[in-house]
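Peer 1: Would you be able to build a 3D model of this:
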Amino acid sequence: MINRKTLCVIAPIYNEESNIILFYNKIKSVLECTDLDWKILFINDGSSDKSEQILLELCKNNNKTQLLNFTRNFGKESALTAGLDYANSDAVIPIDTDLQDPPELILEMIKYWQKGFDIVYARRASRKGESFLKIITARLFYRFINSFSDISIPKNVGDYRLLSKNVVDDINKMREKNRFMKGIFSWVGYPSKEILFVRDERNSGESSFNFFKLFNFALDGITSFSVAPLRLFFYLGLLIMFLSFSYAGFIIITTLLYGANIPGYASLLVVVLFLGGLNLFAIGVVGEYVSRIYQESKGRPIYLIKKES
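Peer 2: Modelled structure (predicted):
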């Protein structure tokens, strides 16, 4: 008897009660077209709507589904981490349940995986139904993070991708608490293949992401994969020192040679305010790194799974 390759589709869930059944039916119809032994792993990330009840009913007596219920909302990055921990298959595919990422791409991903690619990621060629502001902020996000990060993160690529078992095993060795999965997916390397697609509008509901969350997401990515902000302030400090000494030398020479009385109240106030703001900003940057060290030092688990009573 020939053992078939296994595939696990990871589906993080947070308040997706209106999408779950439709998502399951669509993803099931695609997976049934493959010759793989597949399953769908749902991770309920502390949903406050009826998602948990729907998932419990869906997974009852269904050997093609598995459910992990978090004790509270730990965030999507933690949900993805749990999915990778529990997948136990030859390949995994994380996908959102809002159906913006077409499940039909899975067949193409499998084809390239079988050709030897360890990572097959889907890149958005366009974004239907998204506002101009969201498109602009997304572009700024990738430009911002790739300018500071030590690794290159593909633009307009989300979590929707196929990962081989080798990739998953290496990712699971990385147990840092502040998870930035886009960076982790890129950091591990491995032969990769890109697939272009047109992203559809959400089937229902609204995305919980906004500009503030996107900014914090980028900040997490930078502090997780780069020390560039710290180096920036080191070089900026050297530059300010050089300019200060140069200006001091200018004042001394001007006073000695020409006896000029250089007024300084306004310029002194500007310099003091500038350096004060710069110091506070630099302390904030250092604080971001220190807070991450603090989080890691506590040794808390990345997520907690609700135990069945």
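Peer 1: Please name the residues that touch residue 197.
Peer 2: Contacts of residue 197 were listed using C-beta atoms under 8 Å, 6 or more residues apart in numbering, and they are 101, 102, 105, 122, 123, 124, 125. The C-beta positions use only the backbone N, C-alpha and C, and glycine is treated the same way.
Peer 1: And it, what's its pLDDT?
Peer 2: pLDDT, the model's per-residue confidence, is 83 for residue 197.
Peer 1: which residues does it bridge with?
Peer 2: In this structure, residue 197 has beta-bridge partners residue 124, where bridges are defined by DSSP bridges.
Peer 1: is it fair to say residue 294 lies in a strand?
Peer 2: No. Judged by DSSP: H, G, I helix; E, B strand; the rest coil, residue 294 forms no part of a strand; its state is helix.
Peer 1: quick one on the thing from earlier: let me have the contacts of residue 197 in a markdown table, extended by distance to residue 154.
Peer 2: Rendered in a markdown table, the data for the contacts of residue 197 read as follows (distance: C-beta to C-beta, whole Å):
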| residue | distance to residue 154 |
| --- | --- |
| 101 | 15 |
| 102 | 18 |
| 105 | 15 |
| 122 | 10 |
| 123 | 6 |
| 124 | 10 |
| 125 | 13 |
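Peer 1: which of those tops the neighbour count?
Peer 2: The member of those surrounded by the most neighbours (other C-beta atoms under 10 Å) is residue 122, with 25 neighbours in all.
Peer 1: show me the contacts for that residue.
Peer 2: With contacts defined as C-beta under 8 Å, 6+ apart, the neighbours of residue 122 are 101, 105, 109, 157, 158, 160, 161, 194, 195, 196, 197.
Peer 1: can those residues go into CSV with extra columns for distance to residue 177 and secondary structure?
Peer 2: Formatted as CSV, the entries for those read as follows, by distance: C-beta to C-beta, whole Å; DSSP: H, G, I helix; E, B strand; the rest coil:
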residue, distance to residue 177, secondary structure
101, 27, coil
105, 31, helix
109, 30, helix
157, 24, strand
158, 22, strand
160, 24, strand
161, 23, strand
194, 30, strand
195, 32, strand
196, 34, strand
197, 32, strand
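Peer 1: Return the closest of the contacts of residue 197 with respect to residue 306.
Peer 2: Comparing these against residue 306 with C-beta to C-beta places residue 101 closest, at 27.1 Å.
Peer 1: quick one on the thing from earlier: buried subset of the contacts of residue 122?
Peer 2: The neighbour-count test (16 or more other C-beta atoms under 10 Å) applied to the contacts of residue 122 identifies 101, 105, 109, 157, 158, 160, 161, 195, 197 as buried.
Peer 1: Perfect, I'm done here.
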